[in-house]
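>>> sequence and predicted model, in that order:
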Amino acid sequence: MPPRPTPAPAPIPRPRPPPLMPAAKRPSASWALALPPGRRARARLCLRLAAPLSFLLLLAAFLRTQPPAAPFAGPGKVSFLFLARAGLPLDFLWDAFFRNGDEGRFSVYVHSAPGFVLDRATTGSPYFYGRQLAKPVKVAWGEPTMVEAEKMLFAAALEDPANQRFVLLSDSCVPLYNFSYTYTYLMSSPKSIVDSFVDKTEKRYNPNMSPVIPKDKWRKGSQWIMLIRKHAELVVGDKHVFKVFRKHCKMIVTKALLGQKPNARRLGFVFRRKQILKGVAEKEHDCIPDEHYVQTIFSTKGLEDEIEKRTLTYTSWNQSSLDPKDKMTWHPTTFEYDTSSPEHINAIKSIDHVNYEVEHRTEWCQCNGTSVPCFLFARKFSYGGAMHLLEDGSLGLQKSAQLLVNF
């Protein structure tokens, strides 16, 4: 007999899954209608703001994850930033200076009076054509507008990524060396060069500046500075310190100086008698913003180890008062034709250190660890003084094109 088929095994019963929980009911779209009118309006506002706020948060997170901008790879430029009353009376000397250099290694920016245009009618040097800022401010002597003009120059120069060094100059400044030496000196310095010191004898600090500017962070120095790019960005980006300066640091001339109003006019800035009298009456702290602002930023940010504490611009101060402590009567000596001889210029070039008596400190001038002359520029020079520099050839400059036309 054929074998009988083996019956298939009975299927193993599988456990039945537990019954599903009933799905929660979605709130009706009319849930907001059940709220009181006041809360209903707030709820609708929150819904409207949710989308843009979410977008902003995502954008901020995206930007934080972006790598920092790569350093500029090409040959860097030195940016020459001129603070001018109107025109540039020494443009012929700077024309010779720039002709001596490589046009791809420098840039020029000028803050001048509002409405003033640098063109063929106002300057003989093509290096200054159209180099004035588009929207300058009206600079008032001893007021924060001077600092505002400086910040505008730095901001304009930062728009060009090739600009790596930023030198602030006045319209009475002259170069002491040719372009090649000046460029090498500046580009070799890894630090900004900012004259900065503590003067415990002056009374310019206003306690109302605290806590943004503590008293022990208050600094003083020359406004003629050189910044590396990251420090120029720091100065331009500052809002908090400048806000305090605008409110609490203004030049107040005492009654003893009211008779010197003509001298202030010769500076070319606005001299506001009403503000002076008001300051005298209210006994405000006498403060010159441009002599403190940048120095105090570095101090408050803890970055003083990133600067050379000196200036690149030589100034000879004439103390007209018999009292050596009466610094309010000091003013820069103007170099005329007879005081701009090679002997005078070489004496300035030979200076290799600066004594800061108020700090009992001697600052030896160095560039990347190498001893160098302290000064690359000097002020204040008259037209005749600048002409003498060009005539005797002590700067190694050829006569500018505009002078050759006149010869």
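Nice, I can see it. The structure displayed is predicted, hence computed values, not measured ones.

>>> just the helices in the stretch 1-150 of the chain please.
37-65, 91-99, 145-158 (DSSP state H, counting those that start in this stretch).

>>> which of these has the lowest mean pLDDT?
Ranked by mean pLDDT, the helices of the stretch 1-150 of the chain bottom out at helix 37-65, with a mean of 65.

>>> what about the strands in the stretch 101-250 of the chain?
106-111, 163-170, 174-175, 192-193, 226-228 (DSSP state E, counting those that start in this stretch).

>>> redo these as JSON lines? Include distance to residue 147.
Every residue, glycine included, has its C-beta placed from N, CA and C. Shown next, in JSON lines, are the strands of the stretch 101-250 of the chain (distance: least, C-beta to C-beta, whole Å):
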{"stretch": "strand 106-111", "distance to residue 147": "12"}
{"stretch": "strand 163-170", "distance to residue 147": "11"}
{"stretch": "strand 174-175", "distance to residue 147": "24"}
{"stretch": "strand 192-193", "distance to residue 147": "16"}
{"stretch": "strand 226-228", "distance to residue 147": "14"}
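
>>> tally of neighbours for the nearest residue to residue 291 once chain neighbours are set aside?
Nearest residue to residue 291, sequence neighbours excluded (C-beta to C-beta, 6 or more residues apart in numbering): residue 220, at 5.7 Å. By other C-beta atoms under 10 Å, 18 other residues sit near residue 220.

>>> okay, the strands of the stretch 101-250 of the chain in a markdown table with distance to residue 155 and mean neighbour count next?
Output for these, formatted as a markdown table (distance: least, C-beta to C-beta, whole Å; neighbours: other C-beta atoms under 10 Å):
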| stretch | distance to residue 155 | mean neighbour count |
| --- | --- | --- |
| strand 106-111 | 10 | 22 |
| strand 163-170 | 10 | 23 |
| strand 174-175 | 24 | 24 |
| strand 192-193 | 17 | 24 |
| strand 226-228 | 12 | 25 |
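
>>> so can I have TSV of those showing mean pLDDT?
Shown next, in TSV, are the strands of the stretch 101-250 of the chain (pLDDT from 0 to 100):
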stretch	mean pLDDT
strand 106-111	98
strand 163-170	98
strand 174-175	97
strand 192-193	97
strand 226-228	98
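
>>> which one of those strands lies nearest to residue 145?
Residue 145 lies closest to strand 106-111 among the strands of the stretch 101-250 of the chain, at 10.5 Å (C-beta to C-beta).

>>> elements contacting that closest one?
Using 3 or more C-beta pairs under 8 Å, 6 or more residues apart in numbering; DSSP states H and E, the elements in contact with strand 106-111 are strand 77-83, helix 145-158.

>>> follow-up on the earlier one: out of the strands of the stretch 101-250 of the chain, flag the one nearest residue 75.
The closest of those to residue 75 is strand 163-170. By C-beta to C-beta, the value is 9.1 Å.

>>> ok, the closest one: who's next to it in the sheet?
Its sheet considered, strand 163-170 pairs with strand 77-83 (parallel), strand 226-228 (antiparallel) by DSSP bridges.

>>> contacts for it?
Applying C-beta atoms under 8 Å, 6 or more residues apart in numbering, the external contacts of strand 163-170 come out as 72, 76-84, 107, 150, 153-154, 157, 186-187, 189, 223-229, 232, 312-313, 377, 379-380.

>>> can I get the CA coordinates of stretch 377-392 in PDB?
Extracted in PDB, the C-alpha atoms of stretch 377-392 (Å, rounded to 0.1, in the frame of the first residue of the first chain):
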ATOM      1  CA  PHE A 377      55.900 110.900   8.800                       C
ATOM      2  CA  ALA A 378      56.000 114.400  10.300                       C
ATOM      3  CA  ARG A 379      53.700 117.400  10.800                       C
ATOM      4  CA  LYS A 380      52.900 120.300  10.600                       C
ATOM      5  CA  PHE A 381      54.600 121.400   7.400                       C
ATOM      6  CA  SER A 382      53.900 124.500   5.400                       C
ATOM      7  CA  TYR A 383      53.900 124.700   1.600                       C
ATOM      8  CA  GLY A 384      57.400 126.100   1.800                       C
ATOM      9  CA  GLY A 385      58.600 123.400   4.200                       C
ATOM     10  CA  ALA A 386      57.300 120.700   1.900                       C
ATOM     11  CA  MET A 387      58.900 122.300  -1.100                       C
ATOM     12  CA  HIS A 388      62.300 122.300   0.600                       C
ATOM     13  CA  LEU A 389      62.000 118.600   1.200                       C
ATOM     14  CA  LEU A 390      61.300 118.000  -2.500                       C
ATOM     15  CA  GLU A 391      64.000 120.400  -3.700                       C
ATOM     16  CA  ASP A 392      66.900 119.000  -1.700                       C
END
